[in-house]
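S.K.: sequence first, then the predicted structure:
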Amino acid sequence: MTAKETELRRMTIKDVARHIGVSTATISNAFNRPDQLSVELRERILNECKNLGYRSPGLAPRSPRPGRTGVIGVVLSDCLSYNLKDCVANQFLTGLTEELDKAQLSMLMLSAKEIDSGCQFRQHEAMVDGFIVYGQMNNRQAHEQLLRQRKQLVSVDCIIEDSSSIQSDNFGGALVSARHALTHQPQRVAVLGLRLIDSRHVCRVYDPCELFDETESISVQRLRGYNAAFTERNRQLLHDNIWNIPVNNHACAQQAAREALLCTPRPELLLCMSDTIAIAALQEAQKLGIRIPEDLKIVGFDGIPEALSCYPSLTTVYQNSIEKGRQAGRLFLGNTDTQQIMLSTELLIGGSCPRPSP
């Protein structure tokens, strides 16, 4: 061990406080009670400590075991009401709470918008043992706030640097579903995508450069799967036939579906990035007198119960969102050694895009 390393190892909290010019209580609060300091002061202290090689004895570096409070913060990319109503998000939360109940832990649900407020986030950070982040994190400020926190972090359906992650095989599921749909040899195909670009409006995606990075967006991963299926058949999926739907709800999906179905020539296949979108497209087609599957074939993604009970039933990609929630809980609690988990998907063939006739 060098003399420098020995000196750093011997540094006490008093030495660090003296070097930075603050009290020992302020140093302790920077590590253990972030709600007591301003963002600027805490960041300065943490950066100085990092440069000095000092780590608070009371700070456990992202331990896979829960810490002092017994509360897990769950950061949701959408508003709380949406996640309680959305079937996929609801299933995820069901699986997650099963694991937390077993461990006798509590859950604090937060929306990504709440992370924007530095003061509010510091209060939340002090209340929880760590965070599980669910959904596409396009909020850069919230993303950076989460990176700065010094607690256990698990990301679900998104990628956050230096964190464990879990997601479904979005590329593979989309690839298999598009392969199946293209066996019907449709001439005109449209994609009803979900959050492909940074826009709050239903619109077409004319410029591929506008797409989110695929590490940030499961929808772009699905689009890449669709494109791969087209490439296998020496075909190209045109960007002016791709719609961006900003919110996974019936109203936005209905608008996009109607725009696509009123195009001339009309699509013969709709590849939908959620079952909510696919169901809205199916209903809109029926209003327009379009026969399914004779005139139009529809493929969804998610495998929610409504997809199987509608008429005709949807052909869709099933992802086990309840199991995803369970796995996220186990990953956070350290009940698995795997740090990056990819869950398989399954193609469910329904009446909206059946197998081709022999």
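M.R.: Received the coordinates, thanks.
S.K.: next structured bit after the helix or strand of the chain with the lowest mean pLDDT?
M.R.: Between all helices and strands in the chain, the lowest mean by mean pLDDT, DSSP states H and E belongs to helix 3-10, at a mean of 48. The first helix or strand that comes after helix 3-10 along the chain, using DSSP states H and E, is helix 13-20.
S.K.: and this protein, what are its domain boundaries?
M.R.: Split into domains by automatic domain parsing, the chain comes to 3-52, 71-167, 170-320+344-348.
S.K.: mean neighbour count and distance to residue 357 added to those domains, as TSV?
M.R.: C-beta: built from backbone N, CA, C; applies to glycine. Formatted as TSV, the domains of the chain follow (neighbours: other CB atoms under 10 Å; distance: least, CB to CB, whole Å):
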stretch	mean neighbour count	distance to residue 357
domain 3-52	15	64
domain 71-167	19	32
domain 170-320+344-348	19	10
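S.K.: so for residue 329, which of those domains sits nearest?
M.R.: Among those, the nearest to residue 329 by CB to CB is domain 71-167 (2.8 Å).
S.K.: mean confidence for the closest one?
M.R.: Taken as a whole, domain 71-167 carries a mean pLDDT of 81.
S.K.: from the chain's centre, how far out does it sit?
M.R.: Domain 71-167 sits 10 Å away from the centroid of its parent chain (CA atoms, centre = their mean, to the nearest Å).
S.K.: now the strands: where do they sit in the chain?
M.R.: For the chain, applying DSSP state E gives strands covering 71-76, 106-111, 130-134, 152-156, 164-168, 189-194, 203-204, 242-245, 269-272, 297-299, 316-318, 340-343, 346-348.
S.K.: let's have these in CSV, adding distance to residue 285.
M.R.: Shown next, in CSV, are these (distance: least, CB to CB, whole Å):
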stretch, distance to residue 285
strand 71-76, 32
strand 106-111, 34
strand 130-134, 32
strand 152-156, 33
strand 164-168, 27
strand 189-194, 12
strand 203-204, 19
strand 242-245, 15
strand 269-272, 8
strand 297-299, 7
strand 316-318, 16
strand 340-343, 31
strand 346-348, 20
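S.K.: mind checking which of the domains of the chain is nearest residue 328?
M.R.: That would be domain 71-167 among the domains of the chain, by CB to CB, at 5.1 Å.
S.K.: for the closest one, measure first residue to last.
M.R.: Length of domain 71-167, first residue to last, CA to CA, to the nearest Å: 23 Å.
S.K.: list the contacts for the residue nearest the centre of the chain?
M.R.: With distances taken as CA atoms, centre = their mean, the residue of the chain nearest its centroid is residue 135 (2.3 Å). By CB atoms under 8 Å, 6 or more residues apart in numbering, the contact list for residue 135 reads 76, 77, 78, 89, 112, 156, 157, 158.
S.K.: ok, it to residue 75 distance?
M.R.: Applying CB to CB, to the nearest Å, the value for residue 135 to residue 75 is 8 Å.
S.K.: related to what we said a few turns ago, looking at the strands of the chain, which is closest to residue 332?
M.R.: strand 152-156 (4.8 Å).
S.K.: strand 71-76 and that closest one, what's the angle between them?
M.R.: Calculated by axes from the mean of the first three to the mean of the last three CA atoms, to 10 degrees, strand 152-156 forms an angle of 30 degrees with strand 71-76.
S.K.: can I get the domains of the chain in a markdown table including distance to residue 334?
M.R.: What follows is those, written out as a markdown table (distance: least, CB to CB, whole Å):
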| stretch | distance to residue 334 |
| --- | --- |
| domain 3-52 | 21 |
| domain 71-167 | 9 |
| domain 170-320+344-348 | 22 |
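S.K.: what residues are bridge-paired with residue 134?
M.R.: residue 76, residue 156 (DSSP bridges).
S.K.: need the contact list for it.
M.R.: Contact partners of residue 134, counting by CB under 8 Å, 6+ apart, are 74, 75, 76, 77, 83, 89, 92, 156, 157, 158, 328.
S.K.: pretty sure the fifth one sits against residue 96.
M.R.: Meaning residue 83. No. Contact criterion CB atoms under 8 Å: residue 83 and residue 96 do not qualify, at 11.4 Å.
S.K.: distance check, the nearest residue to residue 340 once chain neighbours are set aside against residue 355.
M.R.: Distances taken as CB to CB, 6 or more residues apart in numbering place residue 165 nearest to residue 340, at 5.6 Å, with adjacent residues excluded. Counting by CB to CB, the gap between residue 165 and residue 355 amounts to 35 Å.
S.K.: again with residue 187
M.R.: 20 Å.
S.K.: do residue 137 as well
M.R.: Going from residue 137 to residue 355 by CB to CB gives 38 Å.
S.K.: output the below-cut-off pLDDT ranges for the stretch 251-358 of the chain.
M.R.: Along the stretch 251-358 of the chain, segments meeting pLDDT under 70 span 335-338.
S.K.: shared neighbours of residue 135 and residue 75, anything?
M.R.: Between them, residue 135 and residue 75 share these contacting residues under CB under 8 Å, 6+ apart: residue 112.
S.K.: for the nearest residue to residue 256 once chain neighbours are set aside, report the pLDDT, please.
M.R.: Leaving out its chain neighbours, the residue that sits closest to residue 256 by CB to CB, 6+ apart is residue 243, at 4.4 Å. For residue 243, the model assigns a pLDDT of 97.
S.K.: residue 243: what's it in contact with?
M.R.: Contacts of residue 243 (CB under 8 Å, 6+ apart): 190, 191, 192, 193, 202, 203, 204, 205, 256, 259, 260.
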